[in-house]
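Undergrad: Predicted model, plus sequence, below.
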Amino acid sequence: MPGPPRLRALPLAVLGLAAACGGGGGGGPAGHLSLTPKNLSVARGGGATAVACGAFEGGGAAELALVPATRPDGIAVAGVPAAAGCPPGDAALEVRVDAAFSAAPAGFTVRVRLTGPGPAVERELPITVAATTPVLVVDDDGGDGLSDTFFGATLAGNDGCDVARVGVPDPALLVRYEAVVWYTGARGAGGCSGDLLGDAAQRAVRDFLDAGGRRLVLVSPWTSACAGGGSTLLGEVFGVVDVYPAFLQDRDFVVDGAARGPAAGRSFAVSADGSALPPAYTAGLTPAPAADVLLYAHLAGAVAESLPAAVGRHGAGAAGTSTAILVSFTAERVTDGATGTGRELLEALLAY
């Protein structure tokens with residue numbers, strides 16, 4: 001008695017399984033579903049898109065949708081009607097995948113389903129979250145070669161940075177990175193233009209921060225002093241309301257981490273030696289109430305006469321989720337051997 005019922009139930013179970021997988025049984029016209037490209041690679045902090053096209057033989061209303069699923073942390077997947085990319089008459093869906101910087105490099109899949117007058121059809125879109133270099137260093141020293149000295153002082157042995165030697169990078173390049181260190185060298189040392197950065201650079205900086213979740217460290221001693229308190233970029237982006245030019249110049253001095261900042265307890269020596277370099281220099285910064293002092297500069301033994309030499313502000317950018325830091329001293333002159341090295345200085349600022 002138990003045997004025959006089990007034999008009769010087996011074809012029904014197989015039929016149900018086949019229908020669930022988009023094949024066999026169900027009747028109605030066959031559907032076709034394609035994905036272009038067939039797989040995606042998305043960088044952390046970036047996004048990528050694919051287009052799904054689908055239709056049923058003989059026509060009929062067809063719909064495309066993402067199959068609900070739990071996504072990895074830091075991953076957002078959305079499906080919206082696509083305006084192009086499919087044959088006439090096909091349903092079209094753009095699959096958009098965005099990865100936060102917190103997303104772990106890994107692989108996962110997104111499933112797209114076609115429904116309509118025939119059996120449902122599903123396809124998998126394999127997606128790889130690529131490991132990316134999190135920091136971009138922008139060489140905007142005007143071609144005077146100071147950037148190599150800066151890199152040697154602050155990035156020695158650091159494989160976690162890319163370098164853009166193009167002046168003002170394309171904004172599309174900047175937003176691929178979690179953090180940007182922008183170095184202007186000695187620009188402004190021979191005279192002031194009144195601009196912190198040129199128009200193109202200011203737009204690039206603002207667009208980068210507007211992307212959300214980004215960190216910017218601008219190392220720009222003379223241009224910050226030239227701009228003074230009249231720069232909207234200083235106030236709106238970095239939270240600096242005034243600048244005291246040439247606070248210290250042509251002398252050895254010390255930069256100490258603020259007590260509650262990321263470099264707390266560390267001291268960095270700035271040397272005036274080396275005729276091939278512009279003079280040792282720092283401007284003093286006056287922060288807005290919403291900004292934080294990260295570093296103080298002073299002559300050795302004159303801590304009581306310190307002025308802020310690096311100011312940071314959380315809440316930058318249109319979404320208020322980015323961080324901006326202004327460094328107003330000649331960081332390429334930081335020497336190893338004090339209680340902190342140049343590399344430790346940059347790492348501390350990036351950790352703010």
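TA: Okay, I see it.
Undergrad: show me what contacts Gln279?
TA: For residue 279 the amino acid is Pro, not Gln. By C-beta atoms under 8 Å, 6 or more residues apart in numbering, the contact set of Pro279 is Ala189, Gln249, Asp250, Ala272, Thr330. (C-beta placed from N, C-alpha, C; glycine too.)
Undergrad: Which one of those is nearest to Thr70?
TA: Distance to Thr70 across those (C-beta to C-beta) is lowest for Thr330, with 50.5 Å.
Undergrad: For that closest one, report the pLDDT, please.
TA: The model reports Thr330 with a pLDDT of 83.
Undergrad: OK, contacts around the residue nearest to it when sequence neighbours are not counted?
TA: Nearest in space to Thr330, with sequence neighbours left out and distances taken as C-beta to C-beta, 6 or more residues apart in numbering, is Tyr281 at 5.1 Å. Counting by C-beta under 8 Å, 6+ apart, Tyr281 touches Ala189, Pro221, Trp222, Ala246, Leu248, Gln249, Asp250, Phe329, Thr330.
Undergrad: run the last query once more with 6 Å
TA: Shown in contact with Tyr281 (C-beta atoms under 6 Å, 6 or more residues apart in numbering): Pro221, Gln249, Thr330.
Undergrad: Take those residues and keep only those in strands.
TA: Using DSSP state E, the members of these that fall within strands are Gln249.
Undergrad: Tabulate the contacts of Pro279 (CSV), appending neighbour count.
TA: Formatted as CSV, the contacts of Pro279 follow (neighbours: other C-beta atoms under 10 Å):
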residue, neighbour count
Ala189, 17
Gln249, 16
Asp250, 10
Ala272, 16
Thr330, 29
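Undergrad: for Ala76, which residues make a bridge with it?
TA: Beta-bridge partners for Ala76, by DSSP bridges, are Asp98.
Undergrad: and what of Tyr296?
TA: Residues in beta-bridge contact with Tyr296 (DSSP bridges): Asp256, Pro308.
Undergrad: State whether it and Ser306 are indeed in contact, as I suppose.
TA: Yes - counting by C-beta atoms under 6 Å, Tyr296 does reach Ser306; the two are 3.9 Å apart.
Undergrad: just to revisit the earlier point, with respect to Val77, which of the contacts of Tyr281 is nearest?
TA: Set against Val77, the nearest of the contacts of Tyr281 by C-beta to C-beta is Pro221 (44.6 Å).
Undergrad: show me the contacts for the closest one.
TA: Listed by C-beta under 6 Å, 6+ apart, the contact set of Pro221 reads Tyr281, Ser328, Phe329, Thr330.
Undergrad: Can you tell me the closest non-neighbouring residue to the third one?
TA: It stands for Phe329. Thr282 (3.5 Å).
Undergrad: Could you pull up the mean pLDDT of stretch 208-226?
TA: Averaging pLDDT along stretch 208-226 gives 83.
Undergrad: In this structure, which residue is most central in space?
TA: Glu178 (2.6 Å; C-alpha atoms, centre = their mean).
Undergrad: Would you agree it is in contact with Leu136?
TA: No - here Glu178 does not reach Leu136: they are 8.9 Å apart, not a contact under C-beta under 6 Å.
Undergrad: re the thing from before, quick one: distance of the helix or strand the residue nearest to Phe329 falls within to the chain centre.
TA: Assigned by DSSP states H and E, Thr282 belongs to strand 281-287. The chain centre lies 27 Å from the centre of strand 281-287; the measure is C-alpha atoms, centre = their mean, to the nearest Å.
Undergrad: dump the residue contacts of Leu285.
TA: Going by C-beta under 6 Å, 6+ apart, Leu285 touches Val240, Pro308, Val311, Ser328.
Undergrad: how does it look with 8 Å?
TA: 224, 240, 242-244, 293, 307-311, 326, 328.
Undergrad: Run through the bridge partners of it.
TA: Note on Leu285: beta-bridge partners by DSSP bridges are Val243.
Undergrad: where along the stretch 51-200 of the chain do the helices fall?
TA: 146-154, 171-174, 199-210 (DSSP state H, counting those that start in this stretch).
Undergrad: Relative to Tyr352, which of the ones you listed is closest?
TA: It is, among those and with distance given as C-beta to C-beta, helix 199-210, at 14.3 Å.
Undergrad: Return the distance of Arg96 relative to Arg206.
TA: Relative to Arg206, Arg96 is positioned 24 Å away (C-beta to C-beta, to the nearest Å).
Undergrad: doesn't Pro262 make contact with Glu344?
TA: No - using C-beta atoms under 8 Å, Glu344 is not in contact with Pro262; the gap is 10.3 Å.
Undergrad: Overlap in contacts, Tyr296 and Ser306.
TA: Common neighbours of Tyr296 and Ser306 (C-beta under 8 Å, 6+ apart) are Asp256.
Undergrad: these two touch, right, Val135 and Ala179?
TA: Yes - in this structure, Val135 is within contact of Ala179 by C-beta under 8 Å, at 4.7 Å.
Undergrad: what is in contact with those two at once?
TA: Counting by C-beta under 8 Å, 6+ apart, the shared contacts of Val135 and Ala179 are Leu350.
Undergrad: Which residue of Arg96 and Arg206 possesses the greater neighbour count?
TA: Taking neighbours as other C-beta atoms under 10 Å, Arg96 and Arg206 compare with Arg206 leading, 20 against 15.
Undergrad: show me what contacts the more buried one?
TA: For Arg206, the contact set (C-beta under 8 Å, 6+ apart) comprises Leu233, Val237, Gly317.
Undergrad: Of those, keep whichever come out buried.
TA: Leu233, Val237, Gly317 (16 or more other C-beta atoms under 10 Å).
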